[in-house]
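Novice: pasting a predicted model and its sequence here:
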Amino acid sequence: MKTIKSLLNRKEKVSLICGASNAMIAKLAENAGFDGIWLSSFEMHAWNRFPDASILNVADYADAVSKISDRVNIPILVDADEGGPSAINTIRMAREYSKAGAWGMCIEDNPSPKRCSFYGMKKELEKTEATVGKIRAALEKNNKPGFAVIARTEALIQGRGIDVAIERAKAYTGAGCDGFLIHNKNKTPDEVQRFCDRYHAEGIETPLVIVPTTYNQMTTKQMEESGISLAIYANYSVRAAVGALETLFGKVIQQGTLSAGNDLVVPMEKIFDLIAVDEMKENQARYGS
């Protein structure tokens, strides 16, 4: 089985992982050809109608990891936000997520309590030494050989510039992280590409990770040319589902018949296939009902 660490270190092409918050979405991503799953804080909270503000807890994430990892064969990377208030909290995250079936976690230098980078984030970065401690704690205290820890900086999100982002990259890669995520919410990939050039020029060898949500016109070819190892395609599944369901529900209510949605739903047989009904029947025949 692939792991997050193996995806980070794959040389032939950029690895793509897809945001998914339940096993059905994860299976659809696997079927489409994604290399892994991103258990996103944004999506986990959105599906429960919460803002992305550390409202869900470690048990909520571990439960989701357990359910997804049991039903797909691609590795899960957990969005661990800021790793909790302290490294002591990070230890529990690393232990629970690795036990539940994840192959990695991502820790960002967003001060605790975490607020989403797209709204409400504090105006300062977490202290470097605090994030370094959390990275080391996750690396040393998880329960799974080969479990990956990715460190993420919000330096560019806060407009602090490439110099600060490089300082953070050196500190976090020095702590031993398996991947370094440079986060950005510009509309074009220009700043990320400049950072990548500088990152490689500085001789930093830790694999690079991006989340091209806002600069989503960036192609995999451009990523590979910039030396990016892994890209996280985040939050599109929840946004697509909301759009599709709004359309479906609206048509059904407006036209006064469930059949108004017939052209917007897949056949029941498609669902039977996705939920492995045939496998259940085989197990019934072998082991009894």
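Specialist: Cool, the structure landed.

Novice: burial measure for residue 44, as a count.
Specialist: 22 (other C-beta atoms under 10 Å). From N, CA and C alone the C-beta is placed, and that goes for glycine too.

Novice: which residues sit against the helix or strand encompassing it?
Specialist: Per DSSP states H and E: residue 44 is located in helix 41-47. Residues outside helix 41-47 that contact it (C-beta atoms under 8 Å, 6 or more residues apart in numbering): 19-22, 51-56, 60-61, 64, 79, 81, 114, 116, 234-235, 237-238.

Novice: report the next helix or strand after that helix in sequence order.
Specialist: helix 58-69.

Novice: which elements pack onto that next one?
Specialist: Using 3 or more C-beta pairs under 8 Å, 6 or more residues apart in numbering; DSSP states H and E as the contact test, the elements touching helix 58-69 are helix 23-32, strand 36-39, helix 41-47, strand 76-79, helix 87-100.

Novice: please identify the buried residues of that helix?
Specialist: By 16 or more other C-beta atoms under 10 Å, the buried positions in helix 58-69 come out as 58, 61, 62, 64, 65, 66, 68, 69.

Novice: which of those lies closest to residue 90?
Specialist: The closest of those to residue 90 turns out to be residue 58 (C-beta to C-beta; 10.2 Å).

Novice: number of residues surrounding the closest residue to residue 278 other than its chain neighbours?
Specialist: Excluding the flanking residues, the one nearest residue 278 by C-beta to C-beta, 6 or more residues apart in numbering is residue 272, at 7.8 Å. As a burial measure, residue 272 scores 12 neighbours (other C-beta under 10 Å).

Novice: separation between residue 272 and residue 266?
Specialist: As judged by C-beta to C-beta, to the nearest Å, residue 272 and residue 266 stand 10 Å apart.

Novice: same question, residue 252
Specialist: 16 Å.

Novice: out of these two, which sits in the more crowded spot?
Specialist: For residue 252 versus residue 266, neighbours defined as other C-beta under 10 Å are more numerous around residue 252 (16 against 9).

Novice: what about residue 231, how many residues nearby?
Specialist: Neighbours of residue 231 using other C-beta under 10 Å come to 21.

Novice: helix, strand, or coil at it?
Specialist: Put simply, residue 231 is strand when judged by DSSP: H, G, I helix; E, B strand; the rest coil.

Novice: show me the beta-bridge partners of it.
Specialist: Here residue 231 sits in beta bridges with residue 16, residue 210, going by DSSP bridges.

Novice: please tell me I have it right and it contacts residue 15.
Specialist: Yes. Residue 231 is within contact range of residue 15, at 7.4 Å (criterion: C-beta atoms under 8 Å).
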